[in-house]
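need a structure here:
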Amino acid sequence: MQSSRRTFLKQSSLLLAGAGLMKQSFANEFKAKHLTGVQLYSVREDMMKDPLGTLKQIAAMGYKHVEHANYINRKFYGYSAKEFRKVLDDLGLKMPSGHTVMGKGHWDAAKKDFTDAWKYTVEDAAICGQLFVISPWLDDSLRKTYDDILAYMEVFNKSGELCKKSGMKFGYHNHDFEFSQQLNGQSVYDIILNNTDPKLVMQQLDIGNLYNGGAKAIDIVKKFPGRFESMHVKDEILASSGHEKYESTVLGKGIVNVKEVIDLGKKSGGTIHFIVEQESYQTQPALDAIKEDIAIMKGWGY
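Below you'll find the model as predicted:
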């Protein structure tokens, strides 16, 4: 994970702090088979400049599924939920999942209910046809103590209950601190998985991010069989700059042994969604990188 991604998520969380049910047949389509998609953060600059043109290029590469990383003021890349759903439909794309940070501003502890901002997030996700509503960050203030994080895991479960009403599941996506930070003798990741209901809260394992936290993806998949309905498919190399040891690269060129991890995810990890994400490119244009990534995934049978 690059620092820019961390900054982006924190800024999105601050912005967010300040309709209709998904058809069951649509949900069943995603459950019936494995799928390969791309996280649009991989091409974040292109999506900011020209979202429609970028999505057209992604579709032309052979991707059929995308995962968003931009939902601000009830807009996906500047489009309302209904508008963005139409854009995707017209291009033959589907969006089974998306990233929106769920933070303190989304939960009213006094009322024991979610604020309108989070209710709208879930509503708009359903309009777009998502199966998973994924929060890719857990703010420092929510994990200062063991009791703090336990309390927020109850909010995770309640978010799962809210999503379930629209035929979806709430989800969490890891970075690196979950494996390096310990509370009460347990890693933050262990606390999350041991205190959330798998029927309500799915896990999206980023198989690259955790290396900066001192963990290995293959070990985590073995430790928690059946818990990872989605994976961020990512490879890592030594970083050329920045404060983190590793940065992402084209699949198969790094240290992750990606195919072994995703094969195990498919076999015993419970994984049905394989979402390519590349955040660093080593001078290669981002669109060229994800084009190479999907070719590699297809060569591996995904």
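
part of a strand, is residue 236?
Yes - assessed by DSSP: H, G, I helix; E, B strand; the rest coil, residue 236 belongs to a strand.

list the contacts for the nearest residue to it once chain neighbours are set aside?
In space, and not counting its chain neighbours, residue 236 is closest to residue 246: 4.2 Å by C-beta to C-beta, 6 or more residues apart in numbering. Yep, even glycine has a C-beta here, placed from its N, CA and C like the rest. Taking C-beta atoms under 8 Å, 6 or more residues apart in numbering, we find residue 246 in contact with 208, 211-212, 236-239, 254-255.

ok, 10 Å please
Contact analysis of residue 246 by C-beta atoms under 10 Å, 6 or more residues apart in numbering lists 1, 176, 208-212, 235-239, 254-256, 280.

next one: residue 227
By C-beta under 10 Å, 6+ apart, residue 227 lies in contact with 193, 196, 198, 201-203, 205, 220-221, 265, 269-271.

tell me the secondary structure at it.
Residue 227 - assigned by three-state DSSP - is coil.

would you list the phi and psi of it?
Backbone torsions for residue 227, taken as degrees, to the nearest 10, come to phi -100, psi 0.

and the gap between it and residue 47?
30 Å (C-beta to C-beta, to the nearest Å).

about what we covered before: among the contacts of residue 246, which ones are buried?
Among those, those scoring as buried are 1, 176, 208-212, 235-237, 239, 254, 256, 280 (criterion: 16 or more other C-beta atoms under 10 Å).

in TSV, list the residues you listed along with distance to residue 148, pLDDT and secondary structure.
Formatted as TSV, the buried ones among the contacts of residue 246 follow (distance: C-beta to C-beta, whole Å; pLDDT from 0 to 100; DSSP: H, G, I helix; E, B strand; the rest coil):
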residue	distance to residue 148	pLDDT	secondary structure
1	22	49	coil
176	19	98	coil
208	27	98	coil
209	22	98	helix
210	22	98	helix
211	26	98	helix
212	23	98	helix
235	34	98	strand
236	30	98	strand
237	35	98	strand
239	31	98	coil
254	35	98	coil
256	32	98	coil
280	32	98	coil
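
can you put those in JSON lines and add distance to residue 135?
As requested, those are exported to JSON lines (distance: C-beta to C-beta, whole Å):
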{"residue": "1", "distance to residue 135": "15"}
{"residue": "176", "distance to residue 135": "16"}
{"residue": "208", "distance to residue 135": "19"}
{"residue": "209", "distance to residue 135": "14"}
{"residue": "210", "distance to residue 135": "17"}
{"residue": "211", "distance to residue 135": "21"}
{"residue": "212", "distance to residue 135": "19"}
{"residue": "235", "distance to residue 135": "24"}
{"residue": "236", "distance to residue 135": "23"}
{"residue": "237", "distance to residue 135": "28"}
{"residue": "239", "distance to residue 135": "26"}
{"residue": "254", "distance to residue 135": "26"}
{"residue": "256", "distance to residue 135": "23"}
{"residue": "280", "distance to residue 135": "23"}
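
give me the distance between residue 193 and residue 227.
Going from residue 193 to residue 227 by C-beta to C-beta gives 6 Å.

between the two, which contacts overlap?
Contact with both residue 193 and residue 227 is made by residues 201, 203, 220, according to C-beta under 10 Å, 6+ apart.

next, give phi and psi for the second one.
Dihedral angles of residue 203 (phi, psi; degrees, to the nearest 10) stand at phi -120, psi 130.

return the member of the contacts of residue 227 nearest to residue 152.
residue 196 (10.2 Å; C-beta to C-beta).

can you pull the contacts of that closest one?
153-154, 156-157, 159-160, 170-172, 202-203, 227.

8 Å - rerun?
Applying C-beta under 8 Å, 6+ apart to residue 196 gives the contacts 153, 156-157, 160, 172.

ok, residue 96 - how many residues close by?
25 (other C-beta atoms under 10 Å).

sorry, wrong one. I was asking about residue 298.
Residues near residue 298, counting by other C-beta under 10 Å, number 11.

my read is that it contacts residue 61, right?
No - Residue 298 is beyond contact range of residue 61, at 10.3 Å (criterion: C-beta atoms under 8 Å).

where does the stretch 1-150 of the chain have low pLDDT?
Filtered on pLDDT under 70, the stretch 1-150 of the chain yields the residue ranges 1-32.

and the helices in it, which stretches?
Listed in chain order, the helices of the stretch 1-150 of the chain (DSSP state H, counting those that start in this stretch) span 3-17, 24-32, 44-49, 51-61, 81-90, 116-127, 146-164.

for the last one, buried residues please.
Right, helix 146-164. Applying 16+ other C-beta under 10 Å to helix 146-164 flags 149, 152-153, 155-160, 162-163 as buried.
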